[in-house]
Structure formats: C-alpha cells, structure tokens
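In: Following is a predicted model, sequence given first.
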Amino acid sequence: MTLALSVWLTGCSTSTALCDAFGPSKRATIAVPPDTPVEKVFICVDQASINSPDRARYADTGHAIRDVHAGVLETQQYGASNVAGFRLRADVSQQTPATLTLSLRGAGAYCADLGVDKEMDRLKTEIASCLQR
C-alpha cells in the first residue's frame, strides 16, 4: 500500500513537471517598425491580451516583470509551475532591426491545451496591427 501511494504521488509530481517543461506552449516573432519605443510595444501587447475573447483563460492580469529598459514583459505567473490558464512573456530585442518575441503557455487541468496555437495567431495579428498604427 505504501509503495502504491509513493508511486502515485511521484507520478503526480512528475506529471506536473513534465507539463511545465513540455506542456502546451508556442513562440512567435514579430518585426517591430523602426524607432518604435518599447513602451508602445508593451501597450500593444497589453491591448491584445486584454481584448482576448478567452480573457477568462488568462491566469492573471498583472505583470511580474515590466522592464522597459531590458525590453521584457512577463505576466505574474509565467514562470510558476502547475498554473492553469494562458501565461505570456514578451521580449523586445535591442538590436536593429528590432523584433518582439512572444512566448505563450496555455495549460489547463491535466495539462490540456487551452488553444495555444489559436491564441498565438490572434495575438500576433493584433499586435502587428497595433504596431503599424
């Protein structure tokens, strides 16, 4: 009985670790128009995530990191393990031409995919459109 309980508990923690490492996620890169300030890029990212039809699926609404100088924006629970919902990280390159790299995680219960591909496509479209204005 003790052995069975031990194996079951180990399986649960392994499952969580595997989901965090290999769970539903997507990366994408968007070209940033020349001379676009990092703050404008972050505003476009904010607007796109707020306008999501699946807004309830975002794990949080705040930012753990919002560093304009480093070009990094990260939602509160992006690096946390075993969190259900979409979690987003945005990195703006400091090189020319500038690029925005998006990393999106979207795991639900039992590591179910919440539609990461569809949400990333929507984010890319909205952010690229916002950056062109």
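Out: Arrived safely, thanks for sending. Residues are numbered from 1 along each chain as shown.
In: Please name the nearest non-neighbouring residue to residue 126.
Out: residue 48 (3.9 Å; Cβ to Cβ, 6 or more residues apart in numbering). Using the backbone N, CA and C atoms, a C-beta is placed for each residue, glycine as well.
In: and what of residue 27?
Out: residue 103 (5.2 Å).
In: looking at it, the one you found is touching residue 29, isn't it?
Out: No - with contacts counted by Cβ atoms under 8 Å, residue 103 stays clear of residue 29, the gap being 10.4 Å.
In: higher neighbour count, the two?
Out: Remark: of residue 103 and residue 29, residue 103 carries more neighbours, 16 against 12, as counted by other Cβ atoms under 10 Å.
In: For that one, list each beta-bridge partner.
Out: Note on residue 103: beta-bridge partners by DSSP bridges are residue 27, residue 89.
In: can you give me the helices for this structure?
Out: For the chain, the helices defined by DSSP state H cover 2-22, 38-50, 116-132.
In: Enumerate every residue touching residue 41.
Out: 32, 71, 90, 92, 100, 127, 131 (Cβ atoms under 8 Å, 6 or more residues apart in numbering).
In: how does it look with 10 Å?
Out: By Cβ atoms under 10 Å, 6 or more residues apart in numbering, residue 41 lies in contact with 30, 32-33, 68, 71, 73, 90, 92, 98, 100, 127, 130-131.
In: for residue 73, same thing?
Out: Counting by Cβ under 10 Å, 6+ apart, residue 73 makes contact with 38, 41-42, 45-46, 49, 63-67, 88-92, 100, 102.
In: If we use 6 Å, what do you get?
Out: Residues counted as contacts of residue 73 (Cβ atoms under 6 Å, 6 or more residues apart in numbering) are 42, 45, 66, 90.
In: Who wins on neighbours among these?
Out: Going by other Cβ under 10 Å, residue 90 tops the contacts of residue 73 with 29 neighbours.
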